[in-house]
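Peer 1: kindly return the folded structure for what I paste below:
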Amino acid sequence: MLPEAGTAGVRLDGDFALPERATGVVLFAHGSGSSRHSPRNRLVAQRLNELGLATLLLDLLTPGEDAVEHRGGQLRFDIDLLIERLDAGLAWVRQDERTVTLPVGCFGASTGAAAALGLAGRHPEAIRAVVSRGGRPDLTPDHLLAAVRAPTLLIVGGADDVVLDMNRGALARMHASSDLEVVPGASHLFEEPDALERVADLAAAWFVRHLAPSGGDTHVGVRASLS
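Peer 2: Reported below is the predicted structural model:
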């Protein structure tokens, strides 16, 4: 069970995968209109698991909140709320005996990337690396973006012009060691041939470099719930 701290009694669901001899753990923050079932993020998570990194794919909204969002809600843009929810996931991995000693990274997509960077700014001593896929770092509160110390990789599709400009602007405001990787010809969802595989390769290399060398090549998946 995940802890209640930081969630105001709200129950959140997550999928946790733990490779044998795991050498790090990565929290996933999904973006607007997405969830822990996102095939794009699950592909990235599987690649990390193969390299010995544990993953926690956490829904930052409850099923009820998500249903409201699909009817035009705005919670997916409430970055402060998303940071609070992701913070509860961090509390869980720092308390669970299987992950308490592991270095922690964050992977965020779309508005989830703003939450991932916000968490890194809130806990610069705890978050060791961040990767953003088609993210909105421009939505991260300025004081938290400036406080990020974790090496950060921003991955954007070359055909995603508006988001690319937003990422360039955020990159200029960051003080952490950071890099912008543009996937040529890719759109916002990286649906083009080999585009998502390129994202997975880039993210895996970044986390292995900044968290730990690769470990085991198998994982045991378990359901985690936050209440």
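
Peer 1: the one helix or strand residue 54 maps to: which residues count as buried?
Peer 2: Counting by DSSP states H and E, the element that carries residue 54 is strand 53-58. Using 16 or more other C-beta atoms under 10 Å as the test for burial, strand 53-58 gives 53, 54, 55, 56, 57, 58. Every C-beta, even on glycine, is put in place using the N, C-alpha and C of the backbone.

Peer 1: and what of stretch 133-153?
Peer 2: Using 16+ other C-beta under 10 Å as the test for burial, stretch 133-153 gives 133-141, 144-145, 147-153.

Peer 1: and what of stretch 167-183?
Peer 2: Neighbour-count burial for stretch 167-183 flags 167, 170, 174, 176, 178, 181, 182, 183 (criterion: 16+ other C-beta under 10 Å).

Peer 1: ok, the residues you listed vs residue 205, which is closest?
Peer 2: Each of the buried residues of stretch 167-183 was checked against residue 205 using C-beta to C-beta; the closest is residue 181, at 10.1 Å.

Peer 1: what's near enough to touch the closest one?
Peer 2: Neighbouring residues of residue 181 by C-beta atoms under 8 Å, 6 or more residues apart in numbering: 153, 154, 155, 156, 202.

Peer 1: which stretches of this structure form helices?
Peer 2: 39-50, 63-70, 79-95, 111-122, 142-147, 161-173, 195-210 (DSSP state H).

Peer 1: including distance to residue 101 and mean pLDDT, could the ones you listed go into TSV?
Peer 2: As requested, these are arranged in TSV below (distance: least, C-beta to C-beta, whole Å; pLDDT from 0 to 100):
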stretch	distance to residue 101	mean pLDDT
helix 39-50	18	92
helix 63-70	33	65
helix 79-95	10	94
helix 111-122	19	96
helix 142-147	24	96
helix 161-173	32	95
helix 195-210	17	96
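
Peer 1: of all the ones you listed, which one is nearest residue 13?
Peer 2: helix 63-70 (8.1 Å).

Peer 1: returning to that earlier point: now distance to residue 41 too, for the contacts of residue 181, in a markdown table please.
Peer 2: Output for these, formatted as a markdown table (distance: C-beta to C-beta, whole Å):
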| residue | distance to residue 41 |
| --- | --- |
| 153 | 15 |
| 154 | 16 |
| 155 | 13 |
| 156 | 16 |
| 202 | 14 |
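
Peer 1: what's the closest of those to residue 25?
Peer 2: Among the contacts of residue 181, and counting by C-beta to C-beta, the member closest to residue 25 is residue 153, at 17.4 Å.

Peer 1: if we can go back for a sec, from the buried residues of stretch 167-183, which two are the most distant?
Peer 2: Distance extremes for the buried residues of stretch 167-183: the farthest pair is 176 and 183 at 21.6 Å, using C-beta to C-beta.
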